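S.K.: Coordinates only, no sequence provided:
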């Protein structure tokens, strides 16, 4: 008789590996279920707010319903960011970061604020549509440096803490400001189309990547930084984003914009989806870097399957500037 293909130890190791893979797949399926449930709840709330904002219910101002939500998200994300940094032993000053991440998006939303108080915002002012946010960022960075100077006692941490505080201002406050710019671009109809398409394409890409990774993932993308991400999942996310982008501009956008709607070319909708998905993946990996560096699994655990606020918005943070550039330079939008 021939020798068995595997000895007892080898067979035991193979069975253990199979059991582990089976357990990981079942765990991933459970996580996917929770993620879909949590995402459905968030989507229902978001769609309600978007509809109220689009219709101008009670307030009659584009962006009025979404502005308080945006500022709340910014504050929650700031708290999670500071928590991540402090878990690593860093102690950036909290008050200028909170203040800055409130004022920077609010500066981008000055047209909304002016409309709410019954005044016309000077849209052709010297600072342009994004200049006030940059000014708010500069003032916030100044406050960080003044604060670090005031509390300085000995060499060692001041420069690092100041740099981390300014990083938090850019990563959260400045990037969130692009959400406001998207909502205000091209008027009420086109602005909602810009913001909604960004959120929808990026988040469906996230879900598609997760689902494809659980089902077909074999090749690890960045095993040290984010062990769960695979190339198969990434390709699935890109395909999902392109399909979502095409479907949105073909079937959803016409109902938002109405008779003035102009359908972008097929290649433009696919490129839009591809660019947003790639930027979203970069945003997801960027937050993975933060969590890996601070040795935290999630930014917080308040929502099952999704983690914290930063875990939810990480991909949209980096995708929003790319989306705004696509609309600003006419890849999609009015006049294509």
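M.R.: Cool, got the structure. Note that this is a predicted model, so its numbers are computed, not measured. Numbering: from 1, shown residues only.

S.K.: Any buried residues in stretch 246-254, and which?
M.R.: Using 16 or more other CB atoms under 10 Å as the test for burial, stretch 246-254 gives 246, 247, 248, 249, 253. Every C-beta, even on glycine, is put in place using the N, C-alpha and C of the backbone.

S.K.: Can you give me the end-to-end span of it?
M.R.: Start and end residues of stretch 246-254 are separated by 12 Å (CA to CA, to the nearest Å).

S.K.: And the closest residue to residue 254 other than its chain neighbours, how close does it get to residue 156?
M.R.: Closest residue in space to residue 254, ignoring its immediate chain neighbours: residue 261 at 4.6 Å, by CB to CB, 6 or more residues apart in numbering. To residue 156, residue 261 is 59 Å away according to CB to CB, to the nearest Å.

S.K.: what helices or strands is the helix or strand harbouring residue 201 leaning on?
M.R.: Element membership of residue 201 [criterion: DSSP states H and E] is helix 187-216. Packing partners of helix 187-216 (3 or more CB pairs under 8 Å, 6 or more residues apart in numbering; DSSP states H and E): helix 8-55, helix 175-184, strand 226-230, helix 231-247, helix 253-257, helix 266-294, helix 309-328.

S.K.: model confidence over the helix or strand following it, on average?
M.R.: Using DSSP H and E, the helix or strand that follows helix 187-216 in sequence is strand 220-222. On average, the pLDDT along strand 220-222 is 88.

S.K.: how about strand 220-222: buried residues?
M.R.: residue 221.

S.K.: Adjacent strands (with direction) for it?
M.R.: strand 226-230 (antiparallel) (DSSP bridges).

S.K.: neighbour-wise, which of residue 261 and residue 156 wins?
M.R.: residue 261 (16 against 8; other CB atoms under 10 Å).

S.K.: didn't that one look like it was pressed against residue 250?
M.R.: No: using CB atoms under 8 Å, residue 261 and residue 250 do not qualify as a contacting pair, with a distance of 10.6 Å.

S.K.: Residue 146: neighbour count?
M.R.: 12.

S.K.: Which stretch among the helices and strands packed on helix 187-216 is buried most, on average?
M.R.: helix 175-184 (a mean of 25; mean count of other CB atoms under 10 Å).

S.K.: Secondary structure element for residue 62, which one?
M.R.: For residue 62, there is no helix or strand it lies in under DSSP H and E.

S.K.: what about it, distance to residue 154?
M.R.: For residue 62 relative to residue 154 (CB to CB), the value is 51 Å.

S.K.: Of the two, which one has the most company?
M.R.: residue 62 (20 against 6).

S.K.: domains of the chain?
M.R.: 33-61+188-336, 63-184 (automatic domain parsing).

S.K.: And stretch 215-228, end to end?
M.R.: 12 Å.

S.K.: Outside of that stretch itself, list whatever touches it.
M.R.: 28, 213, 229-234, 236, 284-285, 288-289, 292 (CB atoms under 8 Å, 6 or more residues apart in numbering).

S.K.: hmm, try it at 6 Å
M.R.: 229, 230, 231, 232, 233, 288, 292 (CB atoms under 6 Å, 6 or more residues apart in numbering).

S.K.: can you name the two of these that are farthest apart?
M.R.: 232 and 292 (21.7 Å; CB to CB).

S.K.: count of neighbours near residue 131?
M.R.: Residue 131 has 13 nearby residues by other CB under 10 Å.

S.K.: which non-adjacent residue is nearest it?
M.R.: Nearest residue to residue 131, sequence neighbours excluded (CB to CB, 6+ apart): residue 125, at 7.7 Å.

S.K.: and that neighbour, helix, strand or coil?
M.R.: What DSSP: H, G, I helix; E, B strand; the rest coil gives for residue 125 is coil.

S.K.: Next: residue 334.
M.R.: coil.

S.K.: please renumber so the chain begins at 51
M.R.: Got it, the first residue is 51 from now on, which makes the last one we talked about residue 384.

S.K.: Contacts only, for it.
M.R.: Taking CB under 6 Å, 6+ apart as the test, what residue 384 contacts is 236, 240.
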